[in-house]
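Engineer: Just the structure for this:
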Amino acid sequence: MSKPQYRPLQLHPKTGELLLRLPSPHDNIIITPPRMSDAETIISYMNDPALYYWLEGPPFPYLPEHADCWLNQVKEGTDAAIAELERANAEHPDGPPVIVSSCPMRCLREEREDGSDVFLGDVTLLRERWPDLEDRVLKESLAKPNAERPIGDPDIVWCIGDYIAPSHHGKGIMTAAIKTLMQEWAIPRMGVRQIRVETFTDNIGSRRVFEKLGFVYEKTIALESRFLNSGRRIDGMDILWWKAE
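Structural biologist: Here you go, the predicted model:
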C-alpha cells in the first residue's frame, strides 16, 4: 500500500477493506473491519452452546437485533480508527507511521479457494476495565484514569477480547491472530506496553492461548454470584499479564 500511515496493512483485493493477514500455516486467515453482512453468521455462533458457554457479555438467546446493534457499535469504532489513519496520512504523508489510538481490524475471516471468505470470529484490543472486580468504586478508580491516559502512554493497561467459531477451536488460529495483532499493530502502531487479560478458571483453552503468547499468570480472583446470560455460574477468573521488556 502506498500510504505510509497505513503500514503494515494490506487492501482486500475484492472489497478494498484494510486487512492483516496471518502468517503461514494460517495465511488463509485475515483480520478485517466488521461488515453488516456478518450478522447471520454471528447469530449462529452466539447461539451455539460450544461458544456461549464461555461468554459473559452477549445476550442469550442471541437475536438479529443484538447482532445489528453490536455491528453498528463496533463499526463506528473501526470507522473512527480508519478516519484517524487517513488524517495521519494527510498530516504526515512522507513520515514514519505515527502512534494511533486503536485498531481498525477485528473480524477474523477464512478465505476460500473461490475468492470468497467467511466470518470466523472477533479479536479486539480495548483499554482495560477490570471486569473481575465486583467493588464498583475500586473498579472505577482504576478504569477512569486508564481511559483518560493520552494516546501512546505506556501506562495504559490494555485487554483483549476474542472468540472464534467452534468449528475452528483447537487449530491455533486464535493464538496466531493475537500474536499477529500484537506484533504487527498493537505494539508498533498503538504503543501498547502492557496487557491484562481475564479467563474463566475453567476455560483452560483460553488461558493456554495467552500463556503461549508470553502472558504470565498473576492470580485467581474468586467471584460471588456471577452468572452468565446463559445462566451458567462463574466461580472465578484467572488474571494474566503481558508486559513489554
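
Engineer: in this structure, which spans are strands?
Structural biologist: Here the chain has its strands, by DSSP state E, at 10-11, 18-21, 29-32, 107-111, 117-127, 158-164, 194-200, 216-227, 233-243.

Engineer: what's the closest of the ones you listed to residue 148?
Structural biologist: Of all the strands of the chain, strand 117-127 sits nearest to residue 148, with 9.6 Å by CB to CB. Placement of C-beta: from N, CA and C, glycine included.

Engineer: mind listing what's buried in the closest one?
Structural biologist: 117, 119, 120, 121, 122, 123, 124, 125 (16 or more other CB atoms under 10 Å).

Engineer: Identify, by residue count, the longest helix of this structure.
Structural biologist: helix 64-91 (DSSP state H).

Engineer: What helices and strands are in contact with that one?
Structural biologist: Applying 3 or more CB pairs under 8 Å, 6 or more residues apart in numbering; DSSP states H and E, we find helix 64-91 packed against helix 39-46.

Engineer: hmm, who's touching the helix it packs on?
Structural biologist: The list of residues contacting helix 39-46 from outside it, by CB atoms under 8 Å, 6 or more residues apart in numbering, reads 51-52, 55, 58, 60, 62-64, 66-68, 70-71, 118-119, 121, 163, 165-166.

Engineer: what about that helix, average pLDDT?
Structural biologist: Per-region confidence: helix 39-46 scores 98 on mean pLDDT.

Engineer: quick check: angle from that helix to strand 158-164?
Structural biologist: Taking axes from the mean of the first three to the mean of the last three CA atoms, to 10 degrees, one finds helix 39-46 and strand 158-164 inclined to each other by 90 degrees.

Engineer: Now find how far off-centre helix 39-46 is within its chain.
Structural biologist: Offset of helix 39-46 from its chain centre (CA atoms, centre = their mean, to the nearest Å): 17 Å.

Engineer: try stretch 10-27
Structural biologist: How far stretch 10-27 lies from its chain's middle: 17 Å, per CA atoms, centre = their mean.

Engineer: mean confidence score for it?
Structural biologist: Here the average pLDDT along stretch 10-27 is 96.

Engineer: in it, what's buried?
Structural biologist: In stretch 10-27, counting by 16+ other CB under 10 Å, buried: 17, 18, 19, 20, 21, 22, 26.

Engineer: tell me the contacts of the fifth one?
Structural biologist: Contact criterion CB under 8 Å, 6+ apart gives 10, 27, 29, 30, 31, 180 as the residues in contact with residue 21.

Engineer: I appreciate the help and will end here.
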